[in-house]
Structures are given as structure tokens and as C-alpha cells.
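Pasting a predicted model and its sequence here:
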Amino acid sequence: MTKPIRIEQTTELLTPAQKQFNTLLKKIKTAKKTLADWQEVPLVQQQKSAVITPLFDELHEHQAAMARALDALYSNKLFKKRECEKIAYLICDLTMQLIEVEGYEDFKALYNQYSEIDFDSEKADMQAASTELMKSMLEMQFGKTIEEELNTPEKVAEFITSMMREEALKIKQGKQTTKQSAKQLAQAEKAQAEEVNVSKSIQAVYRQLVGVLHPDREQDPVERERKTELMQRITVAYKKKDLLQLLELQMSVEHIDQNSINLIADDRLKHFNKVLKDQLVEIEMEVHDMKVRYGQRLHDMPSFASVTPKRVIASFDVDIKEVRQTIAAIKQDSRVFADPRKTKAWLKEYDIPAGSDMFGDFF
């Protein structure tokens, strides 16, 4: 296993650039570990989807059967006006959930039969109200007028991610929104020149590795294959400006040793530290994007900071448990609705909930 990259103190105290180099490497390693944990989430979600998708198929079949059964019961003279209102509500609630599911579009006619407002009009009104409310909240949060159409959860998430990335980058990179003075312009020019030096520094590391590992210069087939794999990793790291990965590769092939790391000159370290700072910001932004993407499903979390891969993954199992419980409940109710007298007794105890969604939000 390759020894972690860091500058070790020998006889003299570490310089500020050396200390910063070590600190940045440590932070990047921690951030990479966090990002790797988040990158597991989509894979787990895919695995859990293989479990929950057939459960949803089963649930939709039961919902459709129940909606048809309630439709048949509605005209039964055994039920009084209030009981019929409850049946109508249940039909609308069930069919609303089914209409946008592939294969159940024809339930829109059943919904419209029992609803005071047709499905398309009601959906448009609800969407418009929801969009306006969301826009108002986001305009207050970010202090700007929103021109974008935020009419889907995905667009809302995309907008929030964009704004938060923009704000975070301004803070981390010290961007100024006011008119630049002559001094600031000079600093900007200096920063551009520094950026060129930074690119040259990381390019130098890349070229050194290529010179040592280029597979075309290798005669042994096994060694050529090994070098080809290493070159692929080097190329990916260089494109990402992943200096830490490039240095670790240098050490793994014994192109540099600990003494070489200890003796990196301060002027070169300053360039390296700039690369590492930018890399850290990019990793943190990726982690932030994952938090925004998956944090929306954790409605009961007390704060954004509480959104972790572990909690998100646990929520997938909660979804599976809840849909199974819903299936069990709808099966039990279906047995009741098979008998009009049992249905009448059931309806007597049932109250129409105010603005509730019977089955909640899942995947």
C-alpha cells in the first residue's frame, strides 16, 4: 500500500507553504472519502429500485381494483349521501395516483366522473400555485427575481444547486461583485499569470509520469499492459487536475520518494497549493450537489447538515417498508369493500382527511 503523501518535518520547522500543502492534502483525502460514500448512493438506489418497482406494480394493481370496486359500490342504494361523498373522495384519491402511471391513463375518466374539477384543470391549478409559492420562497432566500420556469421538482433542485454553487464559489474563490479598482485589476492580472504557472506545474508532473510509464516503449507484454492501465489513470487524473493522485502515482512507481516530497521548493509548493485548493473546492461542490439531490427525500431532517449517505440509504429501506405496509392495508380494505354492509360500517368510522396524500412519496 502506498504511503500517504505529506511533507515530513526533518530538522527545521515546516514553512507556511509546506503546512498548507499538508493541510490541503488531508482535507482532499477526507473530501474524497465523503464523495466516494455519496457515489455509493445511486448504486444502492438502483438495487433498491429492483425491489420496490415490482412492489409498486402490485400496489397499482390493487389501487385500480379498489377504484373499480368503489365505483361499483357508489350506486348502491344502501349508502347515504355522506357515505357516497366518502366513496367519491376515495375514488378520486386512488385514481389521481394512478393516472400518471404508465398503463393506467384511462382512469382519468373515472376521476373526472367523481371530482368537481376535471383532472387536467386541477393539476394545472395546483402546479401554478405550487410554482408561485416555490418562486416566492426562493426569491426571498436568494434575493433575486426568478425568470426560470420551476414547474418540476427536478427544475427546482437544479436551480437551487446552481444558485448555491454560485454562492459557494464566490465565497471560496473571493470573487468581487463591485467595480474593480486599479489595484484589483493588477491582482487579477497577477492571478492569471499564476494560473499559467499552476498549469505548467501540474503539466510537469504529468510529463514526468508519461516519460517513465509510456507503454509504447515497453517490450514485455505483461509490463506493457500494466503501464497501459497506469497511463489511463494518469490521463484521467491530469484531466481532472487531480494533483494528489498524480503524486501518489509518482510515489507508487518509485519515480519520487519521501525525500523528494520533503524537498519540494516553496515556490513550486505555492503552485501546487493553488491546484489543491481548486481541487478541494470542486470535490466539495460535488458533495454539495449530491446532498441537494438526495436531501429532498429526507423531509424530517432538522438541517441540511444532517443529510448523509447513510441516512439517505436508510430511507430507501423505509420506502420499501412503507409500500409493503400500504399493500397490506389495501388488501385488507379490499376484502371489506367486497361486502356492501361491511363497507358501510367501514365508512362510518372513516373521515375524509384534510389535504392528505394517502400513500406518501416514494422513489
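That came in fine, so what should we check first?

Can you tell me what sits against stretch 209-217?
By C-beta atoms under 8 Å, 6 or more residues apart in numbering, the residues outside stretch 209-217 that reach it are Arg224, Glu225, Lys227, Thr228, Leu230, Met231, Ile234, Leu246, Leu249, Gln250, Val253, His255. C-beta: built from backbone N, CA, C; applies to glycine.

among these, which are in strands?
Where these are compared with strands, as defined by DSSP state E, there is no overlap at all.

nearest to Ala354, of those?
Using C-beta to C-beta, Leu246 is the member of the contacts of stretch 209-217 that sits closest to Ala354, with 60.2 Å.

wait, the closest one sits on Tyr206?
Yes - with contacts counted by C-beta atoms under 8 Å, Leu246 reaches Tyr206, the gap being 6.4 Å.

Which one's more surrounded, the two?
Leu246 (22 against 19; other C-beta atoms under 10 Å).

measure the more buried one to Asp257 for me?
Applying C-beta to C-beta, to the nearest Å, the value for Leu246 to Asp257 is 16 Å.

same question, Lys241
Lys241 sits 24 Å away from Asp257 when distances are taken as C-beta to C-beta.

Please say which of the two ends up with more neighbours.
Shown here are Lys241 and Asp257; by other C-beta under 10 Å, Lys241 has more neighbours (17 against 11).

returning to that earlier point: give me the common contacts of Leu246 and Tyr206.
What both Leu246 and Tyr206 touch, as defined by C-beta under 8 Å, 6+ apart, is the set Ile234, Tyr238.

which intervals of the stretch 101-250 of the chain have sub-threshold pLDDT?
Along the stretch 101-250 of the chain, the parts satisfying pLDDT under 70 run over 147, 149-154, 156-157, 164, 167-199.

can you map out the helices along it?
Here the stretch 101-250 of the chain has its helices, by DSSP state H, counting those that start in this stretch, at 107-114, 119-142, 153-173, 182-213, 221-239, 243-252.

Turn those into TSV, columns for distance to Ala338.
Formatted as TSV, the entries for those read as follows, by distance: least, C-beta to C-beta, whole Å:
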stretch	distance to Ala338
helix 107-114	19
helix 119-142	27
helix 153-173	37
helix 182-213	72
helix 221-239	61
helix 243-252	64
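
most tightly surrounded among the ones you listed?
helix 243-252 (a mean of 21; mean count of other C-beta atoms under 10 Å).

Quick one: distance of that helix to the chain centre.
Distance of helix 243-252 from the chain centroid (C-alpha atoms, centre = their mean, to the nearest Å) equals 29 Å.

Next, the buried residues of whatever helix or strand comes next after that helix.
Once helix 243-252 ends, the next helix or strand along the chain (criterion: DSSP states H and E) is helix 258-262. For helix 258-262, the buried set under the neighbour-count rule, 16 or more other C-beta atoms under 10 Å, comprises Ile261.

what's the answer for stretch 292-299, then?
Val292, Arg293, Tyr294, Gly295, Arg297, Leu298.

So which of the residues you listed is the closest to Glu116?
Of all the buried residues of stretch 292-299, the one sitting nearest Glu116 is Arg297; the distance, using C-beta to C-beta, is 32.2 Å.

which phi and psi does that closest one have?
Its backbone dihedrals place Arg297 at phi -80, psi -10, with angles given as degrees, to the nearest 10.

Skip the chain neighbours and tell me the closest residue to it.
Leaving out its chain neighbours, the residue that sits closest to Arg297 by C-beta to C-beta, 6 or more residues apart in numbering is Ser315, at 5.7 Å.

Next one: that neighbour from Ser306, what distance?
In this structure, Ser315 lies at 12 Å from Ser306, with C-beta to C-beta as the measure.

can you check Leu276 too?
Using C-beta to C-beta, one gets 29 Å for the distance from Leu276 to Ser306.

Over to Thr95?
According to C-beta to C-beta, Thr95 and Ser306 sit 36 Å apart.

So which of the buried residues of stretch 292-299 are in strands?
Residues of those located in strands (DSSP E): none.

Could you export those residues as a markdown table, including distance to Leu213?
Output for those, formatted as a markdown table (distance: C-beta to C-beta, whole Å):
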| residue | distance to Leu213 |
| --- | --- |
| Val292 | 39 |
| Arg293 | 37 |
| Tyr294 | 38 |
| Gly295 | 41 |
| Arg297 | 44 |
| Leu298 | 45 |
